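1. generate coordinates for the sequence data below:
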Amino acid sequence: MKTRAFFGNIAIAVLSAFIAVIVYSNYFHEEISNMSDAEIQKQKALDSKEVNYSQIPTTTKGEVFDFTEAAERSIHAVVHVTSKYNLESEDYYKSPIYNWLFGETYRQQSVSFGSGVIISEDGYIVTNYHVIEESDEIQVVLNDKRTFTAELVGTDPSTDIALLKLESTNLPYISFGNSDILKVGEWVLAVGNPFNLTSTVTAGIVSAKARNINILDDQSNYPIESYIQTDAVVNKGNSGGALVDLKGELVGINSAIISPSGSYSGYSFAIPINLVKKVIDDIMKYGEVQRAVLGVTIKDIDSEITEKYNLDKIEGILIIGVSKEGAAKYAGIKEGDVIIKINNIKVNSTAELTEQIGKHSPGDKIYVTIKRDNKRKQFDVLLRNMHGNTKIVKAE
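-> Numbers count the residues shown, from 1 in each chain. Prediction:
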C-alpha cells in the first residue's frame, strides 16, 4: 500500500508539471509575445530587481523616456564662459608704498564663470547679462576644448540677456523651441557648467510658469520676470546655459536659483525662449531692445481686490493707473479695468502680462481684452515706447 501511494504521488506530481508547462506555453508565452518592447524591459527590470521601475519616468503608454537624444543634440552647443573684469578698491591696500605704486585706487582683476548657448552656426551665443556684466574680456571654451575670445554684441539688463559673437563657422547650435506651448509637468533638461564642471546635464520637470522672483529690480528700471520654474538641478556656473525639451530644442535660458545656501535647493528658473528671441533679434538689428509698454500701472487680483472692486471672480490683472501719453489711454482703456487677455492669451498675473507685452515692439498692434463692470470688451492697442512714441531707439 505504501509503495502504491508513493508511486501515485509521483504520477500526480508529473501530471501537474506537464499541465503547468502546457498552460505556460499557451498562455503566458503568448502574453509575453504580445508585450511591447518597453513592457518587456519593465518586466526584466522587475524580475532582476536591479531597477526600481517606479522611479523611471514613463509616458502614459508606459514607454520609458529617453533623455539621451536631447542631451546629445544640446551638449555640444553649450559653452563655458569666463568673464574677466577689474574691481576698484580705494582701501584694498593701506600701505603707502602700494598707494605710491598703484595710486589711491587699486584695480584687482577678478574672474567669474558661467555658461552660454550657441544659437547659430556662425557663432552667436546667448548668455545671462549678470555673467558678463562689467567684463573687460570674455573667453569662451567649446565642448571640444577650443577656446575663443568673444565679442560682446549687446545686453538687456531688463531680461538678464546678453548676446556674444565668436569669429568661427560651422559651429554646433541648438534650434529654438516654443516656450509658449511648454506645459507644467513636462520633462526638460538643464545643460551647463555648474562649479566649472563642464558639459553637465540634469533632468527635471516644469513645475511652474510665469514665475516672478524679484531678482532684477536692482539691475533694471523695467525688469521683466516671467520665469519657467523647474526642479532640474542648477547651480553656480549654470547661469546662461540651456533648458531644452525632450526633442533637444531650446525652450529657456537658465538664469537663477532660490537658495538660502547659494546652492541648489529644489527649484531653478529659466527665461522663456520666446522672450529671449525677441531680445536678441532687436540687439542684432538695432543694437538696442525695442521695448514696448502698455502705459498702465497694474496689480494682481486677490479675494480682497475682488470684493473691493465688486468683481465677479478672481481673474486677470487690475489697472490702477493709466499714463496720459500711453498706448492704453489712446485706445480707450481706463483705470479700474481688468485685463484678462492679450491677443487671446489669458493673463492672470503681472508676470504673464509683462511677458506677453515684452515679446512686442513699439508700433505693434495688439488686442487687449478687458472687463469693465464685469462685461468683456476688446480694444485694439498700438504699442508705444517709453518715450510715448513708436520711433526706433538705437544704442549710442
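2. who's Asn254 bridged to?
-> Assessed by DSSP bridges, Asn254 has beta-bridge partners Ala270.
3. and it, what is it in contact with?
-> 115, 190, 192, 234, 238-243, 268-270 (C-beta atoms under 8 Å, 6 or more residues apart in numbering). Any C-beta I mention is one placed from the backbone N, CA and C, and that applies to glycine too.
4. helix/strand/coil for Ala351?
-> helix (DSSP: H, G, I helix; E, B strand; the rest coil).
5. count of neighbours near it?
-> For Ala351, the neighbour count with other C-beta atoms under 10 Å is 20.
6. please report how far it lies from Phe269.
-> Distance of Ala351 to Phe269, given as C-beta to C-beta, to the nearest Å: 11 Å.
7. likewise Ala162?
-> Here the distance between Ala162 and Phe269 works out to 17 Å (C-beta to C-beta).
8. kindly report the same for Lys359.
-> For Lys359, the distance to Phe269 - C-beta to C-beta - is 18 Å.
9. and for Ser110?
-> For Ser110, the distance to Phe269 equals 25 Å [C-beta to C-beta].
10. so these two - more neighbours on which side?
-> Phe269 (23 against 12).
11. tell me the contacts of the more buried one?
-> Residues near Phe269 by C-beta under 8 Å, 6+ apart: 211, 213, 227-230, 254-258.
12. need the contact list for Tyr85.
-> Contacts for Tyr85 (C-beta under 8 Å, 6+ apart) come out as 109-112, 134-137.
13. domain parsing of this structure, as residue ranges.
-> With domains defined by automatic domain parsing, the chain comprises 2-50, 72-165, 179-286, 296-382.
14. out of these, deepest packed?
-> Mean neighbour count, computed with mean count of other C-beta atoms under 10 Å, is highest for domain 179-286 among these, reaching a mean of 20.
15. distance of Arg291 from Asp245?
-> From Arg291 over to Asp245 (counting by C-beta to C-beta), the distance is 28 Å.
16. how about the strands in the stretch 251-396 of the chain?
-> Ranges of strands in the stretch 251-396 of the chain, per DSSP state E, counting those that start in this stretch, are 268-272, 296-300, 317-322, 338-342, 345-346, 365-372, 375-382.
17. what about stretch 204-213, distance to the chain center?
-> Remark: stretch 204-213 is offset 8 Å from the chain centroid, using C-alpha atoms, centre = their mean, to the nearest Å.
18. scratch that, stretch 188-200 is what I was asking about
-> Centroid separation for stretch 188-200 versus its chain: 14 Å, with C-alpha atoms, centre = their mean.
19. and stretch 352-366, by the same measure?
-> Stretch 352-366 has its C-alpha centroid displaced from the chain centroid by 19 Å (C-alpha atoms, centre = their mean).
20. straight-line length of that stretch, end to end?
-> Terminal residues of stretch 352-366 are spaced 15 Å apart (C-alpha to C-alpha, to the nearest Å).
21. just stretch 165-175 next, same as before
-> 17 Å.
22. tell me which residues of that stretch come out buried.
-> 165-166, 171-174 (16 or more other C-beta atoms under 10 Å).
23. among these, which lie within strands?
-> Secondary structure from DSSP state E places Lys165 of the buried residues of stretch 165-175 in strands.
24. quick one: the buried residues of stretch 165-175 as a markdown table, columns for pLDDT too.
-> What follows is the buried residues of stretch 165-175, written out as a markdown table (pLDDT from 0 to 100):
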| residue | pLDDT |
| --- | --- |
| Lys165 | 98 |
| Leu166 | 97 |
| Leu171 | 97 |
| Pro172 | 97 |
| Tyr173 | 97 |
| Ile174 | 97 |
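25. between the buried residues of stretch 165-175, which sits nearest Asp380?
-> Ile174 (36.4 Å; C-beta to C-beta).
26. what's the separation between that closest one and Ser226?
-> Distance from Ile174 to Ser226, by C-beta to C-beta: 21 Å.
27. adding distance to Ala71 and mean pLDDT, write the strands of the stretch 251-396 of the chain out as TSV.
-> As requested, those are exported to TSV (distance: least, C-beta to C-beta, whole Å; pLDDT from 0 to 100):
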stretch	distance to Ala71	mean pLDDT
strand 268-272	17	97
strand 296-300	38	96
strand 317-322	38	96
strand 338-342	35	97
strand 345-346	31	94
strand 365-372	38	97
strand 375-382	43	97
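28. quick one: contacts for Leu318?
-> Shown in contact with Leu318 (C-beta under 8 Å, 6+ apart): 298-301, 305, 309, 336, 338.
29. ok, which pair from those residues is furthest apart?
-> Going by C-beta to C-beta, the pair spanning the contacts of Leu318 furthest: Asp300 and Gly336, at 15.3 Å.
30. hmm, Lys371 is touching Lys341, no?
-> No: counting by C-beta atoms under 8 Å, Lys371 sits too far from Lys341 to count as a contact (10.0 Å).
31. got the phi and psi for the closest residue in space to Ala70 that isn't next to it in sequence?
-> Sequence neighbours aside, Gly248 is the residue nearest to Ala70 in space, at 4.2 Å (criterion: C-beta to C-beta, 6 or more residues apart in numbering). The phi/psi pair for Gly248 (degrees, to the nearest 10) reads phi 80, psi 10.
32. picking that back up, keep only those of the contacts of Tyr85 that are in helices.
-> With DSSP state H as the criterion, helices contain none of those.
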